[in-house]
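> got a structure for you, letters missing:
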């Protein structure tokens with residue numbers, strides 16, 4: 001039980017950045033208008049998606065920004081560890097579940113990075129469909145939702161790129177409003 005006492009608390013700026021990511025990921029519009037499953041896994045996928053977008057932006061900066069990216073990822077891991085414990089996972093089971101969380105995070109991050117590097121939206125749509133919607137082929141009505149979420153992600157990448165990294169250093173991050181993009185579809 002002494003281990004948690006030895007861990008360093010995250011910096012207030014990292015706490016603010018991670019809080020903004022979680023707040024954005026929890027916006028009800030994603031679950032209502034974008035048809036993201038309102039489940040533990042659906043919410044996890046939205047947190048991962050937004051975290052990946054912010055981490056990509058930070059990794060594009062200087063060494064101090066990349067260090068912030070690591071601190072932000074550490075905050076994500078602490079939050080996932082806490083949530084697993086809150087859901088009743090035993091102390092013995094948490095490491096195994098955290099390995100699964102890490103694998104899921106890195107797998108999704110690689111898929112999103114590759115898809116965002118592509119010039120068309122097909123790869124991004126496929127990555128989102130596979131990760132966020134699990135099996136969109138079983139529900140043809142999800143096509144517009146995947147397209148809307150793809151447009152939102154592209155807009156979020158642009159919005160994050162336009163923000164100075166100094167704002168991130170202060171714990172400030174702004175995401176686009178999903179309602180406007182969804183309404184445009």
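In hand now; what should we look at? These figures come from a predicted structure and were not determined experimentally.

> what is the neighbour count of residue 101?
By other C-beta atoms under 10 Å, 19 other residues sit near residue 101. (Each C-beta comes from the backbone N, C-alpha and C, glycine too.)

> wait, doesn't it sit right on residue 80?
Yes: using C-beta atoms under 8 Å, residue 101 is in contact with residue 80, at 4.8 Å.

> isn't residue 35 right up against residue 132?
No: using C-beta under 8 Å as the test, residue 35 is too far from residue 132 to be in contact (9.3 Å).

> what about these two, which has more around it?
Comparing residue 35 with residue 132 by other C-beta under 10 Å, the one with more neighbours is residue 132, at 26 against 21.

> dump the residue contacts of that one.
Residues near residue 132 by C-beta atoms under 8 Å, 6 or more residues apart in numbering: 36-37, 42, 45-46, 49, 149.

> which one among those gets closest to residue 29?
Taking C-beta to C-beta as the measure, residue 29 lies nearest residue 36 of the contacts of residue 132, at 9.3 Å.

> so what does that closest one have for phi and psi?
phi -70, psi 130 (degrees, to the nearest 10).

> where does the chain dip in pLDDT?
1-10, 135-138, 179-185 (pLDDT under 70).

> all helices for it, in order.
All helices of the chain, identified by DSSP state H, fall at 3-6, 12-25, 28-32, 40-59, 63-86, 94-117, 122-131, 142-162, 165-169, 178-184.

> only whichever of the contacts of residue 132 are buried, select them in PyMOL.
In PyMOL syntax, the buried subset of these is picked out as below (16 or more other C-beta atoms under 10 Å):
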select buried, resi 36+42+45+46+49+149
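
> nearest to residue 160, of the contacts of residue 132?
Proximity of those to residue 160, judged by C-beta to C-beta, is greatest for residue 49, which lies at 12.3 Å.

> residues contacting that closest one?
Counted by C-beta under 8 Å, 6+ apart, residue 49 has contacts 25, 108, 112, 128, 131-132, 153.
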